[in-house]
Structure formats: structure tokens, C-alpha cells
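Trainee: Dropping a prediction and its sequence here:
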Amino acid sequence: MGGRMWYLARDAWRLSQARWLSVAIPGPCIVNKRGTDILHDPWFNKDTGFPLTERDRLGLRGLLPPRIISFEQQYERFMESYRSLEHNTQGESANVVSLAKWRLLNRLHDRNETLYYRVLIDNIEDFAPIIYTPTVGLVCQNYGGLFRRPRGMYFSAKDKGEMMSMIYNWPAQEVDMIVITDGSRILGLGDLGVQGIGIPIGKLDMYVAAAGINPRRVLPVMLDVGTNNKKLLDDSLYLGLRQPRLDGDAYLSIVDEFMKAAHARWPKAVVQFEDFQMKWAFETLDRYRKRYCMFNDDVQGTAGVALAGLFGAVRAQGLPLKEFVNQKIIVVGAGSAGLGVLKMAKQAVSKLLGGEENSSANNPFWVLDKDGLITKGRKNLDPNVAPFARSCDSGEIEGLTEGARLLEVVKKVKPHVLLGLSGVGGIFDEQILKAMQNSTSPRPAIFAMSNPTMNAECTASEAFKYAGENIIFASGSPFDNVDLGNGKIGHVNQANNMYLFPGIGLGSLLSGARFISDGMLQAASECLASYITDNEIQKGIVFPSISSIRKITAEVGAAVVLTAVEESIAEGHGNIGFKELSYMSKGETMAYVSRNMWYPIYLPLIQEK
Ligand SMILES: NC(=O)C1=CN([C@@H]2O[C@H](COP(=O)(O)OP(=O)(O)OC[C@H]3O[C@@H](n4cnc5c(N)ncnc54)[C@H](O)[C@@H]3O)[C@@H](O)[C@H]2O)C=CC1
Ligand SMILES: CC(=O)C(=O)O
Ligand SMILES: [Mg+2]
């Protein structure tokens, strides 16, 4: 078809599709259950909100008090109980209060999902720190005591050979998003074994709240291959397998079997790997990334978020983005997250240099791990780390040698950015932060990205106090803005992969991507980076407020869909095929994504006569 003809055909097609481009209004959600089965199903349950017709037709008459309470009243009642809890726990320790709040939200989650997700969406700034980091870390640590009813699926090493049939035990016919962990590196808290299930649950809550994934179509998964946490192994009430972690082929065969089973039942589901220790994070990513639609959030989601923040730090200096290649960046922590950031940042440098591999003259990174500065002279240098090792071990690079300590490296390099993904709380101490005052940058950036709060490399107030008021500060877990006196505020950004993973998953799902490409991940990161205005950047804001996470996620999702289509990886979703996707403009793609985001309202459970 000639170019003009093609455009005419496309326009005619667009007109014919105009109907489905308008916002869809969800129809009734017909239920096959009756009576108490409905009240005990959090998906259908409306508590006292069932209208009379539904009470009559669904066998609910007499099972509820007679008064019908509206959704708005139920919402208000919950918020009132939340506020009372806040009031009644004044003076208690922060952990006690956080866990009490988590319990209150969890009870609602167990009972009435529609109301739960609405309060979560509307109050995401207040509730994300409870259902997500930092409180989710505390929940995982105390999982045994908090456990009341299961959520998600548990596949253990003892289930070998059984997973293909077990997967059919999950009651939902359709699953769109799976978040899986083996519990081996939960936040910065280490190996928590089966207790790590809290992380997939929290991540999927964010998927529902931010990406509008239907909560009926999410599946948190715990792969229990044992634990090397002695305290848990010795605990007679520990709920997981009391055996050391599987390793080598025995380990991989379990992950392989799960992936095969999940793919057999839900071939279009997106799988997010979360909180796997480094060696398995990289190995599984390599093994599955072209075979399944999957990604590793700690490696790839974190990288995109950090890169967006690094670009923000360049802009904050009044420099064009191409100056990124001349930044000096110290990365503390060479694990799955740190290396993920380094790999993506290196790709960005190469792209900015017009595709050339960056020579050592353009190696902006100084990387440290628990043994100090990593140079090529490091014994048993990990091949994943090797590309970032400084090339000289003889002392001529800034006078730094293998294993140099962080303070010395900061003093000599005078970096533009100090980025922590070490999992070690307080490692950016007073001396190190003070040394950042001599940074080459007029707006030095300090990213203390480790989670949860107690594992952050420094607190926000320490950073502003010791490194100066003009810094750009970001942390993985939330901190309050810092009052600098004289009416000035030190802005705190949250540099957390929550800004990207929901959009990466949503875009991959709605494009029906065969796999998740580097291009899709880059598009997600660039979309996030472009979200911030110059005015905000001047105020030290490099990440948007979490209150707009749903809007950001829709945009990130659309950017991912567009790239999947451009790269011909998209196969379509539902009745929207590749052809339909490829005809969509940017605006139409955005409308398509928004229209497919679930939003919590009580739907009629019966067909009106
Ligand atoms: N903000 C965010 O979105 C994210 C934050 N994280 C956080 O990053 C942290 C690390 O995660 P992973 O890389 O997966 O862990 P990992 O265990 O794979 O890597 C930790 C790295 O830190 C290094 N390290 C340990 N002690 C050190 C010290 N004293 N000085 C310098 N380096 C030291 C280790 O040698 C290792 O290279 C965790 O706290 C995690 O919660 C991880 C993913 C996303
Ligand atoms: C945020 C996150 O994924 C982590 O700390 O592991
Ligand atoms: Mg994680």
C-alpha cells in the first residue's frame, strides 16, 4: 500500500474505533455465590453497603443489620477509625504504631477489597509507608506472629514435580501480574525465608493502587527453598521449610518448574522477580528474560528510577543532559541494585556519546562494596562488576588504590553524586557528608537509597545538616522534608522503584509484550525523568510526589506500550491486537492505558431486570 493510501486506511480505521476509545463504564460484576459465601469473599463483599435488591436476590436478607450504609459513609467510618488509632497510640514507639496501622489496613484488605483499595488510592501518601516500605519490612520480620490467613501462593522445595497441578489450586481464572520472591534478600534485612511473602503482597498492592491492575488478577508468590537464617531455622514456630537454602541446579530446577507452570496456565501474565539475592537475581534474569515476559525489579526497576534521579541532578546544576557523561558518581554497594543502576547508567553514557562504548576517559563511576573501592586489581573480581572497576591499581587515579575507604574516595573524587545501595544504615556518616561540601557540583546529590528506613545510608536531616542546604536529597524510604530555618525547606525525594515497576508491568501487560526489552525499560525511565519541571528541579525536586503515582504510572505504562509496539515485541492484549496498537497515536495509547486501569467502586452484583 502506498504511503498516502496507508494513512487513509489508518484514519478510516481510527474513526471506526472511536467508540472503543471513549472511556468504558464497567458493567455489573455478576456473582455466582450466595449468602455468607459472598460476605466472606473480600472481592464481592460490600459489608453493610448491599442494596435491598441484592440482599433479596443473593440470599443476604437477615444476614446483615437492616440499615444500608453508603460507600462514602463506610469510607468515612474507616478513616475515622484510622484517625482514632493515631490518636490512641500517641506516645507509643514508631514500630508499635506502624504495625497497628498495618493490622487495621490488613483487616480491611481481608474483608472488603473494594473499600481497601479506595482508601489506599485516595490516601496513598499516608498509606504507602504502611503497606510498602518501611513498615512492610517490619511485617516480614514479624510474619509468624502476624499471620492470620494466607495470601498468595507458596511453592516449596518439597513441591518439586507437583507445581503444574498446584498452580490450578489458585481460584482466579485469570492472572495478569505475578510478583515472586525467594525471600533471600528482603529489603536490607537479609534472608527472611518464607516471611518474605510480605514483599510480593506489598508490591502488588502498589500495582493495584498505582497501575490499576485488577486485584482479582494479581498473584503474590513465595518460593520457599529453605533459609540460611539461623534464628528462623531454630524457631519452632517458623512457618517455612526448616532446611538450608537450596543452591546450584537444585535451586534453579525449582524456579524453572514454577515458571513453566505459571506460564502454562497464564501465558500472558507478567512476572516480577523481587528481592532475590544477587547471584540468583542476575542468573534468573539472564535465564528467563527472553523466554518469558518478566523483569527483575531490584535490578531493572531501581536502575530506571536512579537514572531519572541522576538526570535530575544534572539539570539541577543548570547543565544540559549530555553533561551526564562528565559527572563523577560514587556508587556504594555493588549488589543487584547497585550493578543494575551502573549498567543502565553506562548505557545512557554510551547513548549520549553517540553509541561509542565509553572509554575509561568517560568512566564516571567509582564503585565500592564492603571491601572498599573496586579496582581491576581486585582479587576474584566478579565479572558483573569488572566493567565498572577503576582501571588502575597503582595509585595514580586521584591517588586511590584498591579497597580505598569511602571517606578517602569522597575526599579525592569530590563527586557530583554519592549514591548508596549498600543496605548499611548510617554508612554516610558526618565526616563523609561534610566531605560532600567540597563536591565539584554546585548542587551535590546524595541518594541514600537503601531500605527500610533504618538501613538508609543517612537520614534526610543528617544530609542537609552536614552536606549543606543546597544538596539534592533522595532516599529509598520516605523521610519528612527538613526545616532549614528562615522559612527554607530541604526537599526530600523518595527514590524508590515504586515509581517505575507498576508502569513497566502495566505497559508490558497491555502491549502483550513477548519479553521486556532494554528499550521498554529506558522509555519508562525517560518518561519518569521528563515528568519534573525546571521549576521543580530548582527547588531540589527530582521525583514527583507519590500522590500523583497513578497518573505517572499511566504515562510510564503508555511509554512502555509505545516502545513495545515500535520494537515489534507487542502481541496485543484482549481484543486489541498488534495492528490496533500500532495504529494508536501517543494520545490514543494513553487513553487505552487509562481505560484499562481498574478503579474501586461497588459494581452491581446482579443483572437489573
Ligand atoms: N530504593 C530502591 O528502590 C531500592 C533499594 N534497594 C535497597 O538497596 C540495598 C541493597 O540491595 P541489593 O543490591 O539487592 O543487595 P545486595 O546484597 O545484592 O548488595 C549489597 C552490596 O552492598 C555492599 N556493601 C555491604 N556493606 C558495605 C559497606 N559497609 N560499604 C560499602 N558497600 C557495602 C555489598 O558488598 C554488596 O555489594 C537494600 O537495602 C535494598 O533495600 C534495592 C532495590 C531498590
Ligand atoms: C524497594 C525495593 O525493591 C527494595 O528495597 O528491595
Ligand atoms: Mg526489592
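Mentor: That came in fine, so what should we check first? Ligands and ions are numbered 1, 2, ... in the order given.
Trainee: Distance check, whichever residue of the stretch 1-150 of the chain sits closest to ligand 1 against ligand 2.
Mentor: Residue nearest to ligand 1 within the stretch 1-150 of the chain: Thr133 (7.5 Å; CB to the nearest ligand atom). All C-beta atoms are positioned from the backbone trio N, CA, C, and that covers glycine. Between Thr133 and ligand 2 the computed distance is 6 Å (CB to the nearest ligand atom, to the nearest Å).
Trainee: With Phe473 instead?
Mentor: Separation of Phe473 from ligand 2 (CB to the nearest ligand atom) stands at 17 Å.
Trainee: which element is Ile446 on?
Mentor: strand 445-448 (DSSP states H and E).
Trainee: Any stretches of this structure with poor pLDDT?
Mentor: The chain contains residues with pLDDT under 70 at 1-27, 356-361, 392-398, 609.
Trainee: Could you pick out the longest strand of it?
Mentor: strand 218-224 (DSSP state E).
Trainee: Not counting its own residues, what contacts that one?
Mentor: 151-157, 170, 172, 175-183, 193-194, 196-197, 200-201, 203-204, 207-208, 240-241, 254-255, 258, 262, 269 (CB atoms under 8 Å, 6 or more residues apart in numbering).
Trainee: Next SSE downstream of it?
Mentor: helix 230-234.
Trainee: roughly how far out does that following helix sit from the chain middle?
Mentor: On the basis of CA atoms, centre = their mean, to the nearest Å, helix 230-234 sits 29 Å off its chain's mean C-alpha point.
Trainee: what do you get for stretch 289-296?
Mentor: Distance, centroid of stretch 289-296 to centroid of chain: 16 Å (CA atoms, centre = their mean).
Trainee: Is it in proximity to ligand 2?
Mentor: No - for stretch 289-296, no contact with ligand 2 is found by CB under 6 Å from any ligand atom; the gap never falls below 10.0 Å.
Trainee: could I have that stretch exported to PDB, CA atoms only?
Mentor: Output in PDB follows, covering the C-alpha atoms of stretch 289-296 (Å, rounded to 0.1, in the frame of the first residue of the first chain):
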ATOM      1  CA  ARG A 289      14.200 -12.500  30.200                       C
ATOM      2  CA  LYS A 290      13.900 -13.500  26.600                       C
ATOM      3  CA  ARG A 291      11.800 -16.600  27.300                       C
ATOM      4  CA  TYR A 292       9.000 -15.000  29.400                       C
ATOM      5  CA  CYS A 293       7.500 -11.600  30.000                       C
ATOM      6  CA  MET A 294       9.400 -10.900  33.200                       C
ATOM      7  CA  PHE A 295      11.800  -8.500  34.800                       C
ATOM      8  CA  ASN A 296      13.800  -8.100  38.000                       C
END
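Trainee: buried residues in it?
Mentor: 289, 292-296 (16 or more other CB atoms under 10 Å).
Trainee: Dump the residues you listed to CSV, plus secondary structure.
Mentor: Output for the buried residues of stretch 289-296, formatted as CSV (DSSP: H, G, I helix; E, B strand; the rest coil):
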residue, secondary structure
Arg289, coil
Tyr292, coil
Cys293, coil
Met294, strand
Phe295, strand
Asn296, strand
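Trainee: Show me which pair in these is furthest apart.
Mentor: Cys293 and Asn296 (12.8 Å; CB to CB).
Trainee: all strands in the stretch 101-250 of the chain, in order from the N-terminus.
Mentor: With strands called from DSSP state E, counting those that start in this stretch, the stretch 101-250 of the chain shows them at 153-156, 177-181, 218-224.
Trainee: Quick check: which of those strands is nearest to Leu603?
Mentor: Comparing the strands of the stretch 101-250 of the chain under CB to CB, the one sitting nearest is strand 218-224, at 18.1 Å.
Trainee: neighbouring strands for the closest one, and are they parallel or not?
Mentor: strand 153-156 (parallel), strand 177-181 (parallel) (DSSP bridges).
Trainee: Out of those strands, which is the most enclosed?
Mentor: Of these, the one with the most neighbours on average (mean count of other CB atoms under 10 Å) is strand 177-181, at a mean of 27.
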